[in-house]
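A.B. asks: just to be clear, the model below is a prediction. Sequence and coordinates:
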Amino acid sequence: MRNWYTRLALLFLFISAYTLPHRWVISIAGWFGRQSTLFARADINNQHQNFRLLLKQESDIAYAHAVGFFENQYKLIACFFLCCRIGLKRWLNFVNKRITVTNVEPLRKLLAQSQNAILLPFHFGDFISLCSVVWPLLPPEYELVILRGAHTTGLNFNWINKLINTHQLNVSILSATDSQDLKQLLRKLRKQQVVVIIYGDLSGAFGTAQETRFFGKKARFAVGALKIAYQTQCPLLPIELQGNAFEPRKKPCLQIKSPFYVRKKPGVEGQQVYLNAVVRMLEQSIRARPSEWMNWQQVGTYFQPTKLVQ
């Protein structure tokens, strides 16, 4: 999508975000996404093939979802610009009025018992909104730890850092690629009261991997979250953000799913059940909302050879 059309669309969305009502900006972003059929045909065709080959969709349905994928991409960019327009001081209040949290009881029960937890999101929705909705769920004595991977964008985390400083939030950001940060994370999970956010749908290109089947094909997924859960015996709670805080036609929500424990070491023969369970949940979410999964453009990395967990 990095062509003259994309650059023009981003410039127009940036100007619109600071001058027009929120619902207009989201509508304009969707319009730019739909025009990709004219100005970014190669990208649309590639995504069309992904839906046809992996999801086994009919050609016309796959094409409609491919267009929807680019609509969603532009809407997420517009969301970031609108976050900046609202400002750091007003953002937390705004986003928590717009996004509801469903099935929060399993998390509250764990925290009431002074247990730690690992939240396992998939790549749906914008990361700033997800973190902003999780923070208010934690008691004051708990620290939120965000494990940042090599795939994450600097803009999001620069904004999150400013948000943390503005509101004096009990939040820290650690790097998944830094061995010292990973040791610090394990210490926190064993000795402090913390809740950790780690993405659960990364390909094997982003860490030590384990094989599974993804939409019927052999694939490799990173198992860092499963390894950390095993080493600390902290429960994993899959979470999923549906929609965005600025969407005018539907109410967005953050869904928290039931916790589970990794009782045996990932990678050991016969313990494929943990990764399989996560991937089946991911497949179910993708089939329900195929245009909203953000990792489609990197989907080829899930099927490439990578280092397997020992």
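C.D. replies: Nice, thanks for sending it over. Since the structure is predicted, the reported quantities are computational estimates derived from the model, not experimental observations.

A.B. asks: for the most centrally placed residue in the chain, which non-adjacent residue is closest in space?
C.D. replies: Centroid-nearest residue in the chain, with C-alpha atoms, centre = their mean: His123, separated by 3.0 Å. Excluding its sequence neighbours, the residue lying closest to His123 (C-beta to C-beta, 6 or more residues apart in numbering) is Met294, at 4.2 Å. C-beta here means a position set from N, CA and C on the backbone, and glycine is covered the same way.

A.B. asks: just checking, Ser175 touches Asp181?
C.D. replies: Yes: taking contacts as C-beta atoms under 8 Å, Ser175 lies within contact range of Asp181: 4.7 Å.

A.B. asks: neighbours of Val278, how many?
C.D. replies: 22 (other C-beta atoms under 10 Å).

A.B. asks: my read: it touches Gly200, true?
C.D. replies: Yes: at 5.4 Å, Val278 and Gly200 qualify as touching, with contact defined as C-beta under 8 Å.

A.B. asks: list the residues that contact both of the two?
C.D. replies: 120, 238 (C-beta atoms under 8 Å, 6 or more residues apart in numbering).

A.B. asks: just the strands in the stretch 51-200 of the chain please.
C.D. replies: Taking DSSP state E, counting those that start in this stretch as the criterion, the stretch 51-200 of the chain contains strands spanning 100-102, 117-121, 143-148, 171-175, 194-197.

A.B. asks: how far out from the middle of the chain is the third one?
C.D. replies: Read that as strand 143-148. Centre-to-centre, strand 143-148 and its host chain are 14 Å apart (C-alpha atoms, centre = their mean, to the nearest Å).

A.B. asks: report the angle between that strand and strand 171-175.
C.D. replies: With axes from the mean of the first three to the mean of the last three C-alpha atoms, to 10 degrees defining the directions, strand 143-148 sits at 30 degrees from strand 171-175.

A.B. asks: so what are the sheet partners of strand 143-148 and their directions?
C.D. replies: Using DSSP bridges, the strands paired with strand 143-148 are strand 171-175 (parallel), strand 194-197 (parallel).

A.B. asks: so for the shortest one, what's the average pLDDT?
C.D. replies: This predicted structure assigns strand 194-197 an average pLDDT of 96.

A.B. asks: wait, doesn't Val194 sit right on Asn116?
C.D. replies: Yes: contact status for Val194 versus Asn116: in contact at 5.4 Å, counting by C-beta under 8 Å.

A.B. asks: before we move on, the earlier item: distance of the residue nearest to the centre of the chain from Trp293?
C.D. replies: 6 Å (C-beta to C-beta, to the nearest Å).

A.B. asks: so the closest residue to Phe303 other than its chain neighbours bridges to which residues?
C.D. replies: Nearest non-adjacent residue to Phe303, counting by C-beta to C-beta, 6+ apart: Ala219, 5.4 Å away. Note on Ala219: beta-bridge partners Thr212, judged by DSSP bridges.

A.B. asks: could you tell me the end-to-end distance of stretch 145-160?
C.D. replies: Stretch 145-160 has an end-to-end distance of 12 Å (criterion: C-alpha to C-alpha, to the nearest Å).

A.B. asks: same deal with stretch 94-113?
C.D. replies: Using C-alpha to C-alpha, one end of stretch 94-113 lies 30 Å from the other.

A.B. asks: what sits up against that stretch?
C.D. replies: 86, 116-117, 119, 129, 132-133, 136-139, 142, 195, 235, 237, 241, 243, 245-246, 251-259.

A.B. asks: switch to 6 Å and redo it
C.D. replies: For stretch 94-113, contacts defined as C-beta atoms under 6 Å, 6 or more residues apart in numbering pick out 86, 117, 129, 132-133, 136, 139, 245, 252-256, 258-259.

A.B. asks: okay, buried residues for it please.
C.D. replies: Judged by neighbour count using 16 or more other C-beta atoms under 10 Å, the buried positions of stretch 94-113 are 94-96, 98-99, 101, 107, 110-111.

A.B. asks: gap between Tyr261 and Ser172?
C.D. replies: Tyr261 is 24 Å from Ser172, where distance means C-beta to C-beta.

A.B. asks: may I see the strands of the stretch 51-200 of the chain organised as TSV, with distance to Leu82 added?
C.D. replies: Below are the strands of the stretch 51-200 of the chain laid out as TSV (distance: least, C-beta to C-beta, whole Å):
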stretch	distance to Leu82
strand 100-102	19
strand 117-121	21
strand 143-148	22
strand 171-175	22
strand 194-197	22
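
A.B. asks: returning to that earlier point: looking at it, the residue nearest to Phe303 is touching Tyr302, isn't it?
C.D. replies: Yes: contact criterion C-beta atoms under 6 Å: Ala219 and Tyr302 qualify, at 4.4 Å.
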